[in-house]
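**Q** Sequence and predicted structure below; questions after.
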Amino acid sequence: MEELPQVTPFGSNFGHTYQFTAEYLDATLANGLYALARIPKISEEVTWETIRERIQEYAQYDNVLWWDLPEELRYWEPAEEEMMQRIPQLTRELDPMKRPNFMYQPTHVTPGRIAMDAPNLDIIGCGAYTEYHNMPRSWMRYAIEREIEGIERAGFEVGRDYLAGQKTPIAVLQLFYSPNMSILSPIDARHDFWASIAAGARGVLIFSYWHKRDGGVMQGTWDAYNECAQQLTSANLGPVFLFGEPFTDVSFAILRGPQMSAPFEPYGYNHEVRYPSLTVRAWTHEGSLYVLAVNSSERGLTARLGGLPEGATEAEATFETVTPEGEGAQPVQRMVPVAGGGIEDSFGGLGMHLYRIALP
């Protein structure tokens, strides 16, 4: 808790701990943060009355963000399924603010398992731990799309209005290391952050701040996540990704470089999955069109993005600057020409661009 002040300057807005008490809610509140209110698992020491008392106690705090169910409950285990059903019922009954319910689901879950759990949850978040799962970067798209598929299989819509039955997918990204896995580099972390949003995640949770100590190799990765969070918040992109209207007219063609990203076989599948190297998602919000494009190939490529407003002549490449020629010249915002409703641009390996186009 003493390190909470170290995360707030970069745009992180909530905390989580396994040693959860009301004291943690006090500490996060003092640092301007929300917190996940962790509900314990039923045991010899924890009864249903204990859980009722905890919910009533924590519900008094305005900075509870979500109710955090015991992790990885299994629907085929009767005692665990009872917790999966009853705890959300109790939070709805006892929390005057009726805040959403979340349960971390493991990295290997399939859309079918997500569909079984979705009726009881509001926030859908599974481990998207690429190195832990020994997957290529392109797997990040699958990690988020399986959540969306599970939500839709269960008969729900993706969205933020959870009290009306919509479900919100989020990314739970890796920040830990052990000697039996490859190191998640800063470049990998930046890719996974933006690729998860391009694939449809409505929020990003990092697991975990504590593990940035692992092996003395994760500080740079933590710094990269901080950079992404700071970019997102400084450009006020949260409302774009959460409240923006999807813009589905954008298309793309890869002109040079790898057409497809690395193949992989997800857990529970008996065939390979392979995506185009580029993942693109777009939104309109408050008079602007935002287009996020992420390259999941290790090699660079050149692509044309089409379907943009015909009257547009230029796009702002958010976060990017260029320095004009000439002595003493200062960096200026990078602007990309838009011609015939399209942009042609180059992407570095695992690189991304976020374009903002003013709408007429």
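**A** Sure thing, it's come through.
**Q** can you give me phi and psi for residue 250?
**A** Torsion angles at residue 250 (phi, psi; degrees, to the nearest 10) stand at phi -70, psi 130.
**Q** Please work out how many residues are found near it.
**A** Close neighbours of residue 250, defined as other Cβ atoms under 10 Å, add up to 20. Every C-beta, even on glycine, is put in place using the N, C-alpha and C of the backbone.
**Q** you'd agree it is up against residue 280?
**A** Yes. The criterion here is Cβ atoms under 8 Å, and residue 250 meets it with residue 280 at 5.8 Å.
**Q** anything in contact with each of those two?
**A** Both residue 250 and residue 280 are contacted by 291, 305, under the criterion Cβ atoms under 8 Å, 6 or more residues apart in numbering.
**Q** can you give me the strands in the stretch 151-300 of the chain?
**A** According to DSSP state E, counting those that start in this stretch, the stretch 151-300 of the chain carries its strands in the segments 168-174, 204-207, 245-246, 251-256, 278-285, 288-295.
**Q** Please name whichever of the ones you listed is nearest to residue 22.
**A** strand 204-207 (21.7 Å; Cβ to Cβ).
**Q** Please list the residues outside that closest one that contact it.
**A** 12, 16, 125, 127, 129, 170-176, 193, 196-197, 225, 228-229.
**Q** Out of the residues you listed, which sit inside helices?
**A** Counting by DSSP state H, the contacts of strand 204-207 place 193, 196, 197, 225, 228, 229 in helices.
**Q** what sits against the fourth one?
**A** Residues counted as contacts of residue 225 (Cβ under 8 Å, 6+ apart) are 173, 175, 189, 193, 206.
**Q** Same check on residue 257?
**A** So residue 257 contacts 277, 297, 299, 300, 301, 302, 303, 347 (Cβ under 8 Å, 6+ apart).
**Q** Report the buried members of those.
**A** Buried positions within the contacts of residue 257, assessed by neighbour count (16 or more other Cβ atoms under 10 Å), are 277, 297, 300, 301, 303, 347.
**Q** Kindly reformat those as a markdown table containing distance to residue 34 and pLDDT.
**A** Converted to a markdown table, the buried ones among the contacts of residue 257 look like this (distance: Cβ to Cβ, whole Å; pLDDT from 0 to 100):
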| residue | distance to residue 34 | pLDDT |
| --- | --- | --- |
| 277 | 36 | 98 |
| 297 | 36 | 98 |
| 300 | 39 | 98 |
| 301 | 38 | 98 |
| 303 | 37 | 98 |
| 347 | 34 | 98 |
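**Q** Show me the protein divided up by domain.
**A** Taking automatic domain parsing as the criterion, the chain consists of the domains 4-235, 245-358.
**Q** Pull up the distance across the last one, start to finish.
**A** This points to domain 245-358. End-to-end span of domain 245-358 (Cα to Cα, to the nearest Å): 15 Å.
**Q** repeat for the longest one
**A** Taking Cα to Cα as the measure, domain 4-235 stretches 23 Å from start to finish.
**Q** With stretch 158-177 instead?
**A** So stretch 158-177: terminal residues 32 Å apart, Cα to Cα.
**Q** average model confidence for it?
**A** Average pLDDT, stretch 158-177: 97.
**Q** just the contacts of residue 257 now: which is nearest residue 114?
**A** Checking those against residue 114 with Cβ to Cβ, the nearest one is residue 277 at 26.2 Å.
**Q** Pop out the phi and psi values for that closest one.
**A** Backbone torsions of residue 277, given as degrees, to the nearest 10, read phi -60, psi -30.
**Q** Residue 358 contacts residue 287, correct?
**A** Yes. Residue 358 is within contact range of residue 287, at 6.7 Å (criterion: Cβ under 8 Å).
**Q** So which of these two has more stuff around it?
**A** Neighbours per residue (other Cβ under 10 Å) separate residue 358 from residue 287, with residue 358 holding more: 14 against 8.
**Q** contacting residues around residue 126?
**A** So residue 126 contacts 104, 105, 106, 107, 109, 114, 143, 146, 147, 172 (Cβ under 8 Å, 6+ apart).
**Q** The second one - nearest residue in space that isn't next to it in sequence?
**A** Ranked by Cβ to Cβ, 6 or more residues apart in numbering and with sequence neighbours excluded, the top spatial neighbour of residue 105 is residue 126, at 4.2 Å.
**Q** Which parts of this protein are helices?
**A** Under DSSP H, the chain gives helices at 22-30, 48-58, 78-94, 111-117, 139-153, 186-199, 219-234, 238-243.
**Q** about what we covered before: in TSV, list the strands of the stretch 151-300 of the chain along with mean neighbour count and distance to residue 5.
**A** TSV is the format used below for these (neighbours: other Cβ atoms under 10 Å; distance: least, Cβ to Cβ, whole Å):
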stretch	mean neighbour count	distance to residue 5
strand 168-174	24	22
strand 204-207	21	17
strand 245-246	10	37
strand 251-256	14	42
strand 278-285	20	31
strand 288-295	23	31
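**Q** nearest to residue 44, of those?
**A** Comparison of those against residue 44 by Cβ to Cβ identifies strand 204-207 as nearest, at 28.3 Å.
**Q** partners of the closest one, with directions?
**A** Note on strand 204-207: by DSSP bridges, its sheet partners are strand 168-174 (parallel).
**Q** centre of the chain versus the partner strand, how much separation?
**A** Counting by Cα atoms, centre = their mean, to the nearest Å, strand 168-174 is centred 4 Å from the centre of its parent chain.
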